[in-house]
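>>> starting from these lines, generate the structure:
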Amino acid sequence: MTDAQQTAEAAHEAATREPSGPAPVPLLSPREGVPPVTADAAALERVVAAFADGSGPVAVDAERASGYRYGQRAYLVQLRRQGAGTALVDPAACPDLSALGSALAPSEWVLHAATQDLPCLRDIGMVPTRLFDTELAGRLAGFARVGLGVMVETVLGYSLEKGHSAVDWSTRPLPEPWLRYAALDVELLVDLRNALEEELRGQGKLEWAREEFAAIVTAPPPPPRKDPWRRTSGLHKVRRRRQLAVVRELWTARDQQARRRDLSPGKVLSDAAIVAAAQALPSDVRTLAGLHGFGHRMGRRQLQQWQSAIDRAKELPEAELPQPGMPAEGPPPPRAWADRDPAAAARLTAARGAVTAHAERLRLPQENLLAPDVVRRLCWEPPADLGRDAIVTVLRRLGAREWQIEQTADALAEALAAQA
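A predicted model of the protein is given here:
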């Protein structure tokens with residue numbers, strides 16, 4: 001083992017060992033107290049000026065009302081920066097935060113699980129040019145558990161209260177305990193970032209992390225999901241095309257109502273109710289009312305709306321009925337490879353084994369070393385030349401980062417050549 005490998009192993013063991021020192025110190029209140037909520041133009045202008053004059057990275061977090069409201073809008077944005085303190089901004093009262101985003105654009109933003117918050121931040125005008133993702137940094141450093149509370153406890157020795165993570169953040173006014181919780185979420189985020197940067201540097205992984213962070217920043221917004229109704233929970237129980245059409249019509253009607261009423265779709269009609277109606281194909285409102293999810297609390301007018309959606313599906317011509325399963329995009333599910341292409345199945349087994357073994361040596365999750373979808377696509381349609389250069393070209397085309405290519409190309413070329 002080289003000196004560098006020994007250093008990396010020692011750093012990893014320090015990062016991932018079970019804590020054996022003093023119990024974590026409960027973090028009960030922000031250092032400067034809970035700031036007032038920024039909810040008007042004048043207050044927002046003061047926050048923008050203060051954070052523009054601050055120094056160093058800026059901690060950023062956002063709270064949504066998932067399960068309560070339609071969509072994934074931000075209902076509170078939390079920020080903290082040296083020299084500026086903590087700010088709590090209400091995007092419902094201040095829906096355009098582009099001035100704040102512009103003021104912070106040159107700075108590094110520190111987020112935990114950045115891909116969860118960036119879409120809702122983008123919608124209100126906040127788009128980073130540089131970031132540090134503490135959750136992803138923890139994964140690359142080899143931490144087994146990477147939730148914010150666990151990371152703060154393991155790395156910094158403080159415990160965070162997490163009792164308000166699933167509350168309805170669209171509530172106004174926001175209760176003081178919720179605001180205290182929200183402020184504490186960014187209280188130590190920069191401290192965590194600094195500790196993880198040193199950990200990654202010690203393991204020789206800091207440049208890998210920087211590539212990953214840059215990829216998040218430059219990634220375009222995902223395209224709209226095709227046939228989103230197919231994500232209905234329990235859809236696997238629906239077998240016939242006419243029944244699938246009922247799911248589609250009910251899902252669409254529910255989505256329209258949820259958008260209009262600004263409610264989470266599940267609060268309008270449950271997925272279980274949609275599936276039950278699709279299986280039963282009720283012929284009238286009375287029959288529908290007897291199904292799971294369409295009980296006595298639902299008014300006749302609403303029941304009639306759902307029955308109308310069901311009737312539309314029942315009247316569709318055969319040619320307009322949806323096909324079972326999603327339209328094929330990319331390789332088939334791996335479980336089907338052995339029957340459809342045994343050689344490809346053998347390549348996939350060998351490639352997965354090579355990537356997994358190297359990920360274990362590097363002490364990081366296999367999916368962070370190389371995305372499973374990249375491995376599948378490479379194995380399903382490998383290049384004619386299985387040499388390293390050809391593998392590198394394919395990996396780059398499939399979106400692998402340079403550090404991932406450097407770490408996996410040789411192992412993949414060897415594994416695929418052995419199956420040729």
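>>> CA atoms for contacts and neighbours, from now on please.
OK.
>>> all strands for the stretch 101-250 of the chain, in order.
Counting by DSSP state E, counting those that start in this stretch, the stretch 101-250 of the chain forms strands over residues 108-111, 130-133, 158-159, given from the N-terminal end onward.
>>> looking at the ones you listed, which has the lowest confidence?
Sorting these by mean pLDDT places strand 158-159 lowest, at a mean of 94.
>>> and that strand, how far out from the chain middle?
Centroid displacement of strand 158-159 relative to its chain, using Cα atoms, centre = their mean, to the nearest Å, is 24 Å.
>>> V60 sits in which helix or strand?
Of the helices and strands defined by DSSP states H and E, V60 is found in strand 55-64.
>>> partner strands of that strand, parallel or antiparallel?
Each strand that strand 55-64 pairs with, and the sense of that pairing, follows from DSSP bridges: strand 74-82 (antiparallel), strand 108-111 (parallel).
>>> now render the ones you listed as CSV, adding distance to A418 and mean neighbour count.
Compiled in CSV, those are given as follows (distance: least, Cα to Cα, whole Å; neighbours: other Cα atoms under 10 Å):
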stretch, distance to A418, mean neighbour count
strand 74-82, 51, 23
strand 108-111, 42, 23
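>>> which one of those lies nearest to E318?
Judged by Cα to Cα, the one of the strands paired with strand 55-64 that comes nearest to E318 is strand 74-82, at 42.3 Å.
>>> sheet-wise, list the partners of the next helix or strand after that closest one with their directions.
Heading C-terminal from strand 74-82, the first helix or strand you meet, by DSSP H and E, is strand 85-89. Strand 85-89 has these partner strands in its sheet, going by DSSP bridges: strand 37-38 (parallel), strand 74-82 (antiparallel).
>>> nearest to T129 among those would be which one?
Closest of these to T129 is strand 74-82, at 16.2 Å (criterion: Cα to Cα).
>>> what strand or helix carries the residue of the chain positioned farthest from its centre?
Among the residues of the chain, the one whose C-alpha is farthest from the average of all C-alpha positions is R286, by Cα atoms, centre = their mean at 41.3 Å. Under the criterion DSSP H and E, the helix or strand holding R286 is helix 285-289.
>>> nearest to A278, of the strands paired with strand 55-64?
strand 74-82 (34.0 Å).
>>> show residues contacting the closest one.
51, 54-65, 86-92, 120-121, 169-170, 182-183, 186-187 (Cα atoms under 8 Å, 6 or more residues apart in numbering).
>>> of the residues you listed, buried ones?
For these, burial is judged from neighbour counts taken by 16 or more other Cα atoms under 10 Å, and it is met by 51, 54, 57-65, 86-91, 120-121, 169-170, 182-183, 186-187.
>>> break the protein down into its structural domains.
Domain assignment for the chain, taken from automatic domain parsing, gives 14-218, 228-320, 334-419.
>>> the shortest one: end-to-end distance?
The reference is to domain 334-419. Separation of the first and last residues of domain 334-419 by Cα to Cα, to the nearest Å is 17 Å.
>>> which outside residues touch the strand holding V60?
Counting by Cα under 8 Å, 6+ apart, residues outside strand 55-64 touching it are 72-83, 104, 107-112, 117, 120-121, 168-170, 182, 185-186, 189-190.
>>> let's see it at 7 Å
Surrounding strand 55-64, the residues in contact under the criterion Cα atoms under 7 Å, 6 or more residues apart in numbering are 72-83, 107-111, 117, 169, 186, 189-190.
>>> swap in stretch 296-311?
Contacting residues not belonging to stretch 296-311 are listed as 246, 249-250, 253, 284-285 [Cα under 7 Å, 6+ apart].
>>> and R335, that one's in a helix?
Yes. Looking at R335 with DSSP: H, G, I helix; E, B strand; the rest coil, it is inside a helix.
>>> so what's the residue count around it?
When neighbours are defined as other Cα atoms under 10 Å, R335 has 9 of them.
>>> equivalent analysis for G202, please.
18.
>>> from V110, how far off is it?
Using Cα to Cα, one obtains 20 Å as the distance from G202 to V110.
>>> A92 belongs to a helix?
No. When the secondary structure is assigned by three-state DSSP, A92 falls in coil instead of a helix.
>>> contacting residues around it?
Neighbouring residues of A92 by Cα under 7 Å, 6+ apart: Y75.
>>> would you map the helices across the stretch 101-250 of the chain?
Taking DSSP state H, counting those that start in this stretch as the criterion, the stretch 101-250 of the chain carries its helices at 114-123, 134-141, 148-151, 176-187, 189-203, 206-218, 241-261.
>>> would you reformat these as CSV and include distance to L416 and mean pLDDT?
Below are those laid out as CSV (distance: least, Cα to Cα, whole Å; pLDDT from 0 to 100):
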stretch, distance to L416, mean pLDDT
helix 114-123, 33, 97
helix 134-141, 26, 98
helix 148-151, 38, 95
helix 176-187, 46, 96
helix 189-203, 29, 98
helix 206-218, 25, 98
helix 241-261, 40, 98
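>>> so which of these is the most packed in?
Neighbour counts (mean count of other Cα atoms under 10 Å) averaged over each of the helices of the stretch 101-250 of the chain peak at helix 134-141, with a mean of 24.
>>> so H164 sits against P177, correct?
No. With the criterion set as Cα atoms under 7 Å, H164 and P177 do not qualify as a contacting pair; they are 8.4 Å apart.
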